[in-house]
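> Okay, here's the prediction I keep looking at, along with the sequence it came from:
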Protein chains: 2
Amino acid sequence: MGFIVNPCKGFYAKMRQYVRWHWEKICRYPPIRSRLYGMEYKLYKFWVVIYGEPDATDVVIFNELPTRSPGYHTSNGCKKKYCETCRVNRIVMYLDNAKYSIDIAHFTISHRLIYHAIVRAWDRGVELRIVTDSQMIYMRGSVVVTLCRMGIPVHAASDRLTLHHKFCIIDGRKRILDLDEQEKRIHCRLWNCKGFIMTGSLNWTHQGTANNYENVVMTSNFNVTDQYQELYEKLWRQNPPLQTLDYLGFVDESIFGCRF
Amino acid sequence: MGFIVNPCKGFYAKMRQYVRWHWEKICRYPPIRSRLYGMEYKLYKFWVVIYGEPDATDVVIFNELPTRSPGYHTSNGCKKKYCETCRVNRIVMYLDNAKYSIDIAHFTISHRLIYHAIVRAWDRGVELRIVTDSQMIYMRGSVVVTLCRMGIPVHAASDRLTLHHKFCIIDGRKRILDLDEQEKRIHCRLWNCKGFIMTGSLNWTHQGTANNYENVVMTSNFNVTDQYQELYEKLWRQNPPLQTLDYLGFVDESIFGCRF
């Protein structure tokens, strides 16, 4: 077979050499090379100017498998497959990355890691607002009253309807503009952040993350975030603020010491 | 004031005439005019070729107000503000517009209008699949068993975990490719449809639409839809099909006659 294979090999090597030589000739001139490589990026920037940035999206799924996967969570480079804590940490990451505002509208909040993330955000100076259901704040393990006593503004929905929302808005565009207006700033804070919402079936409870099949979706689509922000403003206006002193009997902060 | 105003008026009329004349001169040549008008569209088509179509999104909100708004729903041009039935109809519209497949993963289904939409889709020949919680199919008003007895494939999640998902995938890209493969077709069905998912806090129940604050978000973002489709395939594989004969004691189709 040598009389067929060898010429073919030779031809292939020649072709390769030829293409390579031409490519090097093109690349010898930096402007041409940089133009070739930069074209796509310039086109993209041009597109972004006209139509805006494409949406950032993310999906977090809890309990894909009906059985618990073996192993334990480790804080550095966790190797557990389908790890629950890693997935909670992804939600916590989004809360930790909030720069200016978090608007939370949740049926109930009792997850320890998320509680700590909210507290961290509050300590960082993020503008927090919480709207929650008026019945669920009495539930065992609910951290809403504790958060309220820390000074975070909490509104509780009326008794007639159940607040079944499970969403939060992080760095919402309209909210940042409102904050800028209140503080008489120029609208400079919009430039370096991207607002998004986080919605889905997950209640921020240990039951939800450990024992339910759940899904959470994040999107930064302006159409969606603006509508959710509008909804949030309505919820905030309609529902009265929670008076913590009324519930002092139910509050015992030491539960965090003994339960977790 | 006439000696100031009149010359100004004259000047303005002259300017307008001049601009108009030039515009007409430009517009006399159809190619130039059509190029001017067609530029934006061509740029858009070019963008779509490179980066794909922008995402279609929609948000449906139930019960923005804590009080019921006055008036009744009318089927033609409903004038009721914040009408509940109109909002359910928007979800029904999405189900009615499904061409090839609907994959439903819901905690519980008992809403009459949505039941009829699912039945219509099944009659139309849409490939339906339902995954639901094994406990909630016993609930009063649940239509899952009725749907199962019609021949729709239903899988029920295991008892250990609660299936708390509230999403459905309509015309999912991967699902259509799978169906094409099963039927040995060429992938022609992808061209004329756009898959999207519908998720949020809404259970498809009358309680949810009438008495809870709820939100539903639709998005056609490929990143999101593909991840949800993958999740759905996992759920479908892991959970056993529902055996209707086991539940015959609980089934009475005449409830639809008397309750609604």
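Cool, got the structure.
> Quick one: name the residues of the stretch 151-260 of chain A near chain B.
Contacts of the stretch 151-260 of chain A with chain B, taken as CB under 8 Å from any CB of the partner chain, map to A:157-158, A:160-167, A:197, A:199-202, A:208, A:211-215, A:217, A:219, A:221, A:223-224, A:227-228, A:231, A:234-235, A:238-239. Just so you know, the C-beta spots here come from the backbone N, C-alpha and C atoms, and that holds for glycine as well.
> measure A:Ser69 to chain B for me?
Using CB to the nearest CB, to the nearest Å, we find A:Ser69 at a distance of 13 Å from chain B.
> Show me the domain layout of chain A.
A:2-49, A:55-259 (automatic domain parsing).
> Return the member of these having the minimum mean pLDDT.
Of all these, the minimum mean pLDDT falls on domain A:2-49 (a mean of 76).
> From the chain's centroid, how far away is stretch A:68-86?
20 Å (CA atoms, centre = their mean, to the nearest Å).
> quick one: contacts of it?
A:Phe62, A:Asn63, A:Glu64, A:Leu65, A:Leu113, A:Thr209, A:Ala210 (CB atoms under 8 Å, 6 or more residues apart in numbering or on different chains).
> Narrow the residues you listed to just the buried residues.
Neighbour-count burial (16 or more other CB atoms under 10 Å in any protein chain shown) is assigned, among these, to A:Phe62, A:Asn63, A:Glu64, A:Leu113, A:Thr209, A:Ala210.
> these two touch, right, the second one and B:Leu161?
Yep, that's A:Asn63 we're talking about. Yes - counting by CB atoms under 8 Å, A:Asn63 does reach B:Leu161; the two are 5.8 Å apart.
> still on that earlier bit, for the contacts of stretch A:68-86, which one is nearest B:His22?
Distance to B:His22 across the contacts of stretch A:68-86 (CB to CB) is lowest for A:Phe62, with 64.4 Å.
> number of nearby residues for the closest residue to the closest one other than its chain neighbours?
Excluding the flanking residues, the one nearest A:Phe62 by CB to CB, 6 or more residues apart in numbering or on different chains is A:Glu214, at 4.1 Å. For A:Glu214, the neighbour count with other CB atoms under 10 Å in any protein chain shown is 25.
> A:Glu214 - that's part of a strand, no?
Yes - A:Glu214 forms part of a strand when assessed by DSSP: H, G, I helix; E, B strand; the rest coil.
> In space, not sequence, find me the middle residue of chain A.
Chain A has A:Tyr94 as the residue nearest its centroid, 3.8 Å off, counting by CA atoms, centre = their mean.
> Can you name the residue of the stretch 51-200 of chain A nearest to chain B?
Using CB to the nearest CB, the closest approach of the stretch 51-200 of chain A to chain B is made by A:His164 at 3.9 Å.
> ok, which stretches of the stretch 1-150 of chain A are helices?
For the stretch 1-150 of chain A, applying DSSP state H, counting those that start in this stretch gives helices covering A:2-27, A:30-51, A:84-96, A:112-124, A:144-149.
> same deal with the stretch 151-260 of chain A?
Under DSSP H, counting those that start in this stretch, the stretch 151-260 of chain A gives helices at A:173-182, A:206-211, A:222-238, A:255-259.
> export those helices to CSV and tack on distance to B:Ser101?
Shown next, in CSV, are the helices of the stretch 151-260 of chain A (distance: least, CB to CB, whole Å):
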stretch, distance to B:Ser101
helix A:173-182, 35
helix A:206-211, 28
helix A:222-238, 24
helix A:255-259, 45
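> wait, A:Ser142 sits on A:His111?
No - using CB under 8 Å, A:Ser142 makes no contact with A:His111, being 10.5 Å away.
> who's more crowded, those two?
Remark: of A:Ser142 and A:His111, A:His111 carries more neighbours, 25 against 19, as counted by other CB under 10 Å.
> And that one, how far from A:Asp103?
For A:His111, the distance to A:Asp103 (CB to CB, to the nearest Å) stands at 18 Å.
> and what of A:Ser75?
Separation of A:Ser75 from A:Asp103 (CB to CB) stands at 29 Å.
> of the two, who's got more company?
Remark: of A:Ser75 and A:Asp103, A:Asp103 carries more neighbours, 24 against 7, as counted by other CB under 10 Å.
> That one: what's it in contact with?
Residues in contact with A:Asp103 (CB under 8 Å, 6+ apart) are A:Arg129, A:Cys168, A:Ile169, A:Gly172, A:Arg175, A:Gln229, A:Tyr232.
> Same list, those residues, but as a markdown table with neighbour count and distance to B:Lys25 please.
As requested, the contacts of A:Asp103 are exported to a markdown table (neighbours: other CB atoms under 10 Å in any protein chain shown; distance: CB to CB, whole Å):
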| residue | neighbour count | distance to B:Lys25 |
| --- | --- | --- |
| A:Arg129 | 20 | 58 |
| A:Cys168 | 28 | 57 |
| A:Ile169 | 27 | 52 |
| A:Gly172 | 25 | 49 |
| A:Arg175 | 22 | 50 |
| A:Gln229 | 21 | 48 |
| A:Tyr232 | 23 | 53 |
